[in-house]
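Chemist: Here is a sequence with its predicted model. Questions after.
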Amino acid sequence: MKCWSKLLGKSESKLGRQDSVEWIAVYFPLVSGEYGSESEVAEIHTFTDHLQAVIYESSKGVFDGDEFGEGQCGLFMYGPDADQLLAVILPFFASWNKAAGGQIILRYGDRHGREQRISL
């Protein structure tokens with residue numbers, strides 16, 4: 001998975017940091033089957049285009065991509081401070097009804113770091 005290689009790798013991230021980054025994943029149910037319908041996937045990709053721009057403009061992190069399967073979608077982001085990145089993305093997700101019933105997972109520090117879950 002793309003986001004794990006960036007989190008665990010030693011190469012410099014897009015943020016220009018070589019030290020540990022914090023991670024956010026947002027999971028929400030799909031309406032149309034295991035991988036979503038074409039229109040549902042298109043709607044999600046339109047949303048993530050805007051999400052990516054909001055994150056980039058904030059300089060608080062990077063949108064790393066999506067994953068579809070098992071009736072849900074996962075969106076992945078990382079940055080030097082998960083709480084600051086959350087402050088940028090939370091209003092964006094709260095206003096998007098597609099994410100209702102989903103959850104945000106924040107991971108602080110390395111891959112064994114503390115996690116926090118927030119229901120949408």
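Modeler: Nice, thanks for sending it over.

Chemist: Every contact and neighbour count from this point should use C-alpha atoms.
Modeler: Fine.

Chemist: where does Leu75 land in three-state SS?
Modeler: Following DSSP: H, G, I helix; E, B strand; the rest coil, the label given to Leu75 is strand.

Chemist: Quick check: beta-bridge partners of it?
Modeler: Taking DSSP bridges as the rule, Leu75 bridges to Val26, Asp66.

Chemist: how many neighbours does it have?
Modeler: 19 (other Cα atoms under 10 Å).

Chemist: cool, and Glu70?
Modeler: Neighbours around Glu70, by other Cα under 10 Å: 11.

Chemist: Let me know the distance separating it from Gly36.
Modeler: Taking Cα to Cα, to the nearest Å as the measure, Glu70 and Gly36 are separated by 10 Å.

Chemist: Please apply the same query to Pro80.
Modeler: Distance, Pro80 to Gly36, by Cα to Cα: 32 Å.

Chemist: Kindly report the same for Leu86.
Modeler: According to Cα to Cα, Leu86 and Gly36 sit 26 Å apart.

Chemist: These two: who's more crowded?
Modeler: Each of Leu86 and Gly36 has its neighbours counted (other Cα under 10 Å); Leu86 has more, 23 against 20.

Chemist: Would you map the strands across this structure?
Modeler: 22-29, 62-69, 72-79, 103-107, 115-119 (DSSP state E).

Chemist: Give the other helices and strands that the fourth one contacts.
Modeler: The helices and strands touching strand 103-107, judged by 3 or more Cα pairs under 8 Å, 6 or more residues apart in numbering; DSSP states H and E, are strand 22-29, strand 115-119.

Chemist: between the last one and strand 22-29, how many degrees?
Modeler: For strand 115-119 against strand 22-29, the angle by axes from the mean of the first three to the mean of the last three Cα atoms, to 10 degrees is 30 degrees.
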